[in-house]
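**Q** Whatever this is, show me its structure:
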Amino acid sequence: MLISDSMSLLWTVYGVLSLVVLVTGYLGLAFLPRLPRLVLTWAVAGLMWMPSAFELPLVEEGQVYHGQAPAVLVAGVALLDGSTGVLVPAATLAALGAGLGAGFGLLLWWLGHRRRVRKAEEARREARREDEQAPKPRNGDKRREPVLG
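**A** Predicted coordinates:
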């Protein structure tokens, strides 16, 4: 059962809350153009979702708990704890996650931009084709405005 296993519940809650943060962040950045909005949102997603390994000493002497957590959390705890041996790899993974996320956001923008440009070109070609196929007015067929009086 999900509730009896605290680690699965923790990861599920973290995943749902991170999706809520990402969606509200994306909608909150609606004043920005699409490129920076996608890059920022996916950089934050990469930062939040990049995992990192950590070790915690247990109460019993000589035993250690090995686990996985988001790299940004591991780096934050290591910073507060003053543990540079854990901080450097966790912060590197967090930066790598942010970079990968920003790259993915850039890729999404590029794919969408190409599609919009292609559709605009097709619409221009169709408009030109319709203009060429429309019958040309002759000099005697010019429109005359009504005159009062």
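**Q** Run through the neighbouring helices and strands of the top helix by length along the chain.
**A** For the chain, the longest helix by residue count, based on DSSP state H, is helix 84-133. Packing partners of helix 84-133 (3 or more CB pairs under 8 Å, 6 or more residues apart in numbering; DSSP states H and E): helix 34-49, strand 51-57, helix 71-81. In short, each C-beta sits where N, CA and C put it, glycine included.
**Q** Parallel or antiparallel, list what pairs with the second one.
**A** Strand 51-57 has its sheet partners listed here by DSSP bridges as strand 64-70 (antiparallel).
**Q** roughly how far apart are the residue nearest the centre of the chain and residue 48?
**A** Centroid check for the chain by CA atoms, centre = their mean gives residue 42 as the closest residue, at 2.7 Å. Residue 42 sits at a distance of 11 Å from residue 48 (criterion: CB to CB, to the nearest Å).
**Q** shouldn't residue 101 be in contact with residue 44?
**A** Yes. If you go by CB atoms under 8 Å, residue 101 and residue 44 touch, sitting 7.0 Å apart.
**Q** before we move on, the earlier item: just say which of the helices and strands packed on helix 84-133 is most tucked in.
**A** Highest mean neighbour count of the helices and strands packed on helix 84-133: helix 34-49, a mean of 20 (counted as mean count of other CB atoms under 10 Å).
**Q** where's that one relative to the chain centroid, distance-wise?
**A** Distance of helix 34-49 from its chain centroid, counting by CA atoms, centre = their mean, to the nearest Å, is 4 Å.
**Q** got it, and stretch 62-77?
**A** Using CA atoms, centre = their mean, the mean C-alpha position of stretch 62-77 is found 25 Å from that of the whole chain.
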